[in-house]
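**Student:** fold the following, please.
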Amino acid sequence: MKLRQKVNTKKIILILSFIIALTVSISFLPSLNNGFVNWDDNAYLTENPDVFGVSVENIKKIFTKSYNASYVPLTLLSFAIEYEFVGLNPFLYHLNNLILQIANALLIFLFFYIICRKYSWSGLNLSGALTVSFLTALFFGIHPTRVDSVAWVTERKDLLYTFFYFASLILYHYFNSKSKKESLYILSLFLFTLSLLAKPMAVTLPVILLLLDFVEKNKITASMIIEKIPFFILSLAFGIINMKVHIAAEQTGEGHFLFLDVNIFKYVLYTAENIFFYISKCFFPIKLTPIYDINHIIFANKVSLYPFILLILWFAFLILYRKKNKKILFGSLFFLITIAPVLQIIPQGTVPVAERFAYVPMLGIFFMTASGINYILQKYQYKFVTYSLIITITAVIACLSVMTWKQCKIWKNTLTLWNHAVNINPEYPSGTALFFRAGAYHRAGELDKALADYNVLVGRIKNAAGTEIDENAKYHDQKNLVRILSARGSLYYQNGNLGKAAEDYTSLLEISDVNPIKKAEVFYKRAVVYYSMKQSDKAVSDILKVIDITPYNDRLYEFIGIIRASQKDYKTAYKYFEKALSINPANKSSYYYLEQINKINIAN
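**Tutor:** Reported below is the predicted structural model:
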């Protein structure tokens, strides 16, 4: 009898797994037609020679460098392997993202089935365990908030870290519940390391291990903590690595922290708002966009008290009823623990909130929702209630699947992505969306459209300068103005409007906190503009300022040589060409220019 029950259970699990895989596949099918976009795909993949094939040199760079203010070597290695087979054909990259999403949904089905069957606090029979784990995995697999993580090649990070995260949790369960085999422990630790190498969001895993112990035993003992020390050491190490990466990015101008001068009370309120932002998107996944800008409302003392009050009430409920309903306790704490790294407890990055940040955390909400559905089915065993609930759930799943299908299409290409992001709030569109859309127009040669978007952004920042905003908002405006003026200056130059290009570069250089490397780049660009305007002395002056910042670039000395030669100042030109060759003897063009000057001198 028991054998027959086991066989039937396996068949049910296989059927449910097939339904999950099929539903996820259909929901995300449009993503296979997508290309790459100009948002991080270029930094990580399409313009990153370190992933153009698998070689010892590339692997060394991938594991020893940070990219785009992130340390995600395993994700980059996966790109390098794909590039080895198909180059930059986007189909395989998107196909592998979809395969990983299916695999993650199935792993999550298994993980929550284990939770519901093996942990006494779940209080579920076989039918209940299958219902809760199936619905949790299905909600996870097809929810529209998953789209950024699947349809965007760069967000392979989410998919990979989640795969190894839950594989590690499952193996640790088997280690903890059976023979305490060291091999299972070591393999769990290894998979956790891979998860961290895919994305640092995995640092929460040891806390989740303790959460499972706490919910089961109602306490945390010293032995429980000691057993997880290697996991905590890995989390700490990768946390330090990534904090150093962010600090380095700040220093080089690649990234910036969200907040500089923090009003603690306002910041706590803002954090509470973030928590309920994610919960609201879980139940009402509408107006989804890849980018939610930092806006001046955040900095204008207009944050609400209500989310904070709700958060306090939530914690009070968990404390009072922690022993009576452990499914709510586990789901709530799972959500809060895994969302913590992106609540800006340590302010970093340029994006305050994003649906992809809740890729794993929303599982806590999905688990509680599935548990609630199962509770109704078990408690009210009337045909009308059962059929009504099944029809409702089926309709909800169908709606979520259709929404996900449609959301995948916004990632078709760069313009479809940013047009969607701009149109989410047409009255005050996302500044980031406008900036990247302008870049896409610029690349496509639609210069008038690009200029229009850049002008909106510059005007918006200038208007904000006359309002009462705090230092944090001013800081972000200045950071944004640097990249906007730089891009618009390049557009003006390309369009032949040299005077406007020079004005933008001059305005940029007047911004006090421009990074020295960026400042050198702008001086060089303005020098090129001045040279095109036949203002040679101004061009030389700017190049000399670049040399003060980066003195060992032979091309800078060669550029001055070319300018002086065009003024027939061959003696000075000769000196600069010689300097260029002293830095780089392989500089063939400087040799050529020297020969030409020698010929002129002989002729004279």
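
**Student:** once you drop chain neighbours, what's closest to the residue nearest the centre of the chain?
**Tutor:** Nearest to the geometric centre of the chain sits Glu155, at 6.4 Å (C-alpha atoms, centre = their mean). Leaving aside its chain neighbours, Glu155 sits nearest to Ser149 (4.5 Å; criterion: C-beta to C-beta, 6 or more residues apart in numbering). All C-beta spots, glycine's among them, are computed from the backbone N, C-alpha and C.

**Student:** tally of neighbours for that neighbour?
**Tutor:** 25 (other C-beta atoms under 10 Å).

**Student:** contact partners for it?
**Tutor:** Going by C-beta atoms under 8 Å, 6 or more residues apart in numbering, Ser149 touches Gln101, Glu155, Asp158, Leu159, Arg356, Tyr359.

**Student:** list the buried ones in the helix or strand harbouring Leu130?
**Tutor:** Using DSSP states H and E, Leu130 falls within helix 126-142. For helix 126-142, a neighbour-count test (16 or more other C-beta atoms under 10 Å) marks 128-142 as buried.

**Student:** after it, next one along is what?
**Tutor:** helix 147-151.

**Student:** and that next one, C-alpha only, in CSV?
**Tutor:** Only the C-alpha atoms of helix 147-151 are listed here, as CSV (Å, rounded to 0.1, in the frame of the first residue of the first chain):
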residue,chain,number,x,y,z
VAL,A,147,10.1,39.4,-16.7
ASP,A,148,13.1,41.7,-16.2
SER,A,149,15.0,38.7,-14.8
VAL,A,150,14.2,36.4,-17.8
ALA,A,151,13.7,38.7,-20.8
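
**Student:** which elements pack onto the helix or strand following that helix?
**Tutor:** In the C-terminal direction, the helix or strand that comes right after helix 147-151 (DSSP H and E) is helix 156-177. In this structure, helix 156-177 makes packing contacts with helix 73-86, helix 90-118, helix 147-151, helix 182-198, helix 205-217, judged by 3 or more C-beta pairs under 8 Å, 6 or more residues apart in numbering; DSSP states H and E.

**Student:** relative to Gln494, which of these is closest?
**Tutor:** Closest approach to Gln494 among the helices and strands packed on helix 156-177 is made by helix 90-118 (27.4 Å; C-beta to C-beta).

**Student:** how far off centre is the closest one?
**Tutor:** Computed by C-alpha atoms, centre = their mean, to the nearest Å, the chain-centroid distance of helix 90-118 equals 20 Å.

**Student:** give me the angle between that helix and helix 73-86.
**Tutor:** Using axes from the mean of the first three to the mean of the last three C-alpha atoms, to 10 degrees, the inter-axis angle of helix 90-118 relative to helix 73-86 is 140 degrees.

**Student:** which residues touch stretch 188-208?
**Tutor:** 70-75, 156-158, 160-165, 167-169, 171-172, 175, 228, 230-232, 234-235, 238-239, 241-242, 334, 337-338, 340-342, 357, 360.

**Student:** ignore what I typed, I meant stretch 166-183.
**Tutor:** Contacts of stretch 166-183 (C-beta under 8 Å, 6+ apart): 104, 107-108, 110-111, 114, 118, 184-185, 187-189, 191-192, 195, 205, 208-209, 212.

**Student:** now those: which count as buried?
**Tutor:** Buried among the contacts of stretch 166-183 by 16+ other C-beta under 10 Å: 104, 107-108, 110-111, 114, 184-185, 187-189, 191-192, 195, 205, 208-209, 212.

**Student:** sorry, back to before: so which elements touch the helix holding Leu130?
**Tutor:** Right, helix 126-142 is packed against helix 2-27, helix 90-118, helix 362-379, helix 383-409 by 3+ C-beta pairs under 8 Å, 6+ apart.

**Student:** relative to Ala316, which of these is closest?
**Tutor:** helix 362-379 (17.1 Å).

**Student:** report the angle between the axes of the closest one and helix 156-177?
**Tutor:** Helix 362-379 and helix 156-177 are oriented at 60 degrees to each other (the same axes, to 10 degrees).

**Student:** number of nearby residues for Ser566?
**Tutor:** Ser566: 12 neighbours (other C-beta under 10 Å).

**Student:** in contact with the closest residue in space to it that isn't next to it in sequence, which residues are there?
**Tutor:** In space, and not counting its chain neighbours, Ser566 is closest to Ser536: 6.9 Å by C-beta to C-beta, 6+ apart. Ser536 is in contact with Tyr530, Ile563, Ser566, Gln567, counting by C-beta under 8 Å, 6+ apart.

**Student:** how does it look with 10 Å?
**Tutor:** By C-beta atoms under 10 Å, 6 or more residues apart in numbering, the residues touching Ser536 are Ala527, Tyr530, Ile560, Ile562, Ile563, Arg564, Ser566, Gln567, Asp569.

**Student:** out of these, which is nearest to Glu273?
**Tutor:** Proximity of these to Glu273 (C-beta to C-beta) peaks at Ala527, which lies at 46.4 Å.
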